[in-house]
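Novice: coordinates for the following, if possible.
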Amino acid sequence: MAAMYTVDASVFLSAFNPREPEHAESQRLLKRMQDDAKPIVVPTLLLPEVAAAIGRGQRDPALACRFARALKQLPHVIWVPLDSVLADQAADLTAQHRLRGSDAVYAAVSARFGSTLVTLDKQQRERLSGVVSTRTPAEALAEW
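Specialist: From the prediction side, this is the model:
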């Protein structure tokens, strides 16, 4: 079991939406992390990402804002601002591994903290093989 985890937006959004295929596993993992006081290290980028997805998907801007604010209040979450050093690391990862910009930010946070990146993004998992440790929520739960 990793000392710390970086959990990307796909997992938080899956836990939020019961219609998502990995909803149960994502929800169980996040609950387990909170119950066990497991540190979760995430970029501040998580907040606008989840707000955008919920705002677009649910067409409810108030719900999107409430969800993002609720995430910010979670205990055991370490918020990493996107400063110029992290942006440079993410830019390098984007170029070297053909990642989307937001995916590279999560990878840079994971690399900086030596955390396991938990994601539902198959492309991110494949392209970061050998760079950072990646798991799906189900895999992370199985290792618990």
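Novice: got the contact list for stretch 115-125?
Specialist: Outside stretch 115-125, the residues that touch it by CB atoms under 8 Å, 6 or more residues apart in numbering are 2-8, 10-11, 14, 22, 26, 29, 41, 99, 103, 106-107, 109-110, 128, 132-137, 140. Using the backbone N, CA and C atoms, a C-beta is placed for each residue, glycine as well.
Novice: 7 Å instead, please
Specialist: 2, 4-8, 10-11, 14, 22, 29, 41, 99, 103, 106-107, 110, 128, 132-137, 140 (CB atoms under 7 Å, 6 or more residues apart in numbering).
Novice: ok, of the residues you listed, which come out buried?
Specialist: Among the contacts of stretch 115-125, those buried by neighbour count (16 or more other CB atoms under 10 Å) are 2, 4-8, 10-11, 14, 22, 29, 41, 99, 103, 106-107, 110, 128, 132-137, 140.
Novice: quick one, helices of this structure?
Specialist: In the chain, the segments counted as helices under DSSP state H are 9-16, 23-35, 46-58, 61-72, 84-97, 101-113, 122-127, 137-143.
Novice: do you know which of those lies nearest I78?
Specialist: Checking the helices of the chain against I78 by CB to CB gives helix 101-113 as the closest, at 7.9 Å.
Novice: which strands and helices sit next to the closest one?
Specialist: With contacts defined as 3 or more CB pairs under 7 Å, 6 or more residues apart in numbering; DSSP states H and E, helix 101-113 has these neighbours: strand 5-7, strand 40-43, helix 84-97, strand 116-118.
Novice: can you say which of these is packed in most?
Specialist: The densest packing among those, expressed as mean neighbour count by mean count of other CB atoms under 10 Å, is seen in strand 5-7 with a mean of 27.
Novice: mind listing residues that contact stretch 126-137?
Specialist: Defining contact as CB under 7 Å, 6+ apart, one finds that stretch 126-137 is touched by 2, 11, 22, 25-26, 29, 97-99, 107, 110-111, 116-120, 125.
Novice: please name the nearest non-neighbouring residue to N17.
Specialist: With CB to CB, 6 or more residues apart in numbering as the measure, H23 is the residue that lies nearest to N17, at 6.4 Å, once sequence neighbours are left out.
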